[in-house]
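Undergrad: Sequence and predicted structure are below.
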Amino acid sequence: MRSLLKRLEYAPVWLLMRAMALLPRPLARAHGIFIGYVAYLILPRLRRVGRRNLQIAFPDKPERERNRLLRGMYVSLGRLLAEFCLFPRYNRQNVEKIAVYAGFENFEQAEQLGKGVLLLTGHVGGWEIGSFVHSIYGHPMNIVVRPLDNPYLNQLAEDFRCRFGNRLLGKQDFARGLLAAMHKGETVGILMDTNMTPPQGDFVPFFGVLACTATGMARVAMKTGAAVVPAFTVWDDKLRKYRVLFEPAIKLVNTGNTDADVLTNTALFNKAIEDVIRRYPDQWLWVHRRWKTRPPGEPSIY
């Protein structure tokens with residue numbers, strides 16, 4: 001019975017993706033954006049979370065502007081949905097239709113050090129697109145993901161993500177897989193902008209408010225000497241495509257006090273993510289309860 005329910009859940013998603021894949025790219029994007037607007041209208045709980053997060057991050061912005069940013073996020077999600085459905089049609093010859101590099105030299109310099117590269121990223125713009133495009137250009141990578149609860153949907157997503165050599169690291173194998181990849185000089189992409197709980201996370205500022213943040217990346221980078229390169233995939237309205245941005249590697253703090261340095265470096269990672277969100281505020285996933293976990297004694301933000 002449970003398997004049947006999973007299949008019934010999978011069927012409409014598969015049909016939607018197949019239908020979107022048949023459309024010309026502009027029309028597929030228009031349909032994706034329409035779906036985003038529908039989601040905005042019919043999911044009031046997520047709207048409330050998004051408005052609360054925007055209030056935390058941008059207390060000085062007028063409510064009208066925060067609402068505009070929230071609607072823009074749903075447009076961004078709809079666009080990402082459409083582009084994800086179109087993955088099977090892309091290859092090395094036509095990949096520039098979907099995205100181009102910006103700052104590739106920053107990734108190249110980090111890779112040449114030979115100690116592995118940790119791509120610090122978040123749910124900004126087309127986060128699924130960045131790793132996909134990077135693999136088409138000949139740079140397959142490891143991606144840290146949480147498997148979807150539906151095994152059929154999970155397999156579908158995995159097939160799309162890994163068409164050109166990307167590999168998935170489940171969060172349950174995070175530490176071992178991450179260290180192994182760094183010892184091989186490989187690249188690992190990690191979404192670092194989600195709420196965590198102790199002991200996997202600790203509290204560092206994010207938009208001026210303490211947020212429980214994963215500390216594993218900082219520990220691995222300090223242990224292995226791997227470069228930490230901020231990398232984000234953002235929609236460019238003028239180009240009508242995405243830009244895969246690689247920023248200069250973050251200079252890690254290493255005073256010898258490991259615990260203190262982990263917190264300092266994790267705060268630097270949050271700052272890098274925050275800076276990109278401030279530049280593209282309508283492209284971040286505001287409906288995630290980023291500040292859900294609170295320090296002992298603090299009331300819930302939500």
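TA: Cool, got the structure. Just so you know, these numbers come straight off a predicted model, no measurement behind them.
Undergrad: from here on, contacts and neighbour counts on C-alpha atoms
TA: Fine.
Undergrad: and the gap between Ala82 and Glu128?
TA: Computed as CA to CA, to the nearest Å, the Ala82 to Glu128 distance reads 11 Å.
Undergrad: Of these two, which one has the most company?
TA: Ala82 (25 against 17; other CA atoms under 10 Å).
Undergrad: so what's the more buried one up against?
TA: Residues in contact with Ala82 (CA atoms under 8 Å, 6 or more residues apart in numbering) are 20-21, 28-29, 31-32.
Undergrad: Keep only those of the residues you listed that are in helices.
TA: Among these, the members found in helices (DSSP state H) are 20-21, 28-29, 31-32.
Undergrad: ok, so of the residues you listed, who is nearest Glu247?
TA: Closest to Glu247 out of the ones in helices among the contacts of Ala82 is Arg29 (27.7 Å), distances taken as CA to CA.
Undergrad: Contacts only, for that closest one.
TA: So Arg29 contacts 78-79, 82-83 (CA under 8 Å, 6+ apart).
Undergrad: Now secondary structure and pLDDT too, for these, in JSON lines please.
TA: Formatted as JSON lines, the contacts of Arg29 follow (DSSP: H, G, I helix; E, B strand; the rest coil; pLDDT from 0 to 100):
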{"residue": "Gly78", "secondary structure": "helix", "pLDDT": "97"}
{"residue": "Arg79", "secondary structure": "helix", "pLDDT": "97"}
{"residue": "Ala82", "secondary structure": "helix", "pLDDT": "96"}
{"residue": "Glu83", "secondary structure": "helix", "pLDDT": "96"}
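Undergrad: Farthest pair within those residues?
TA: Largest separation among the contacts of Arg29 by CA to CA: Gly78 and Glu83, giving 8.8 Å.
Undergrad: okay if I get the contacts of Ala82 as CSV plus distance to Pro199?
TA: Output for those, formatted as CSV (distance: CA to CA, whole Å):
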residue, distance to Pro199
Met20, 42
Ala21, 42
Ala28, 42
Arg29, 41
His31, 42
Gly32, 38
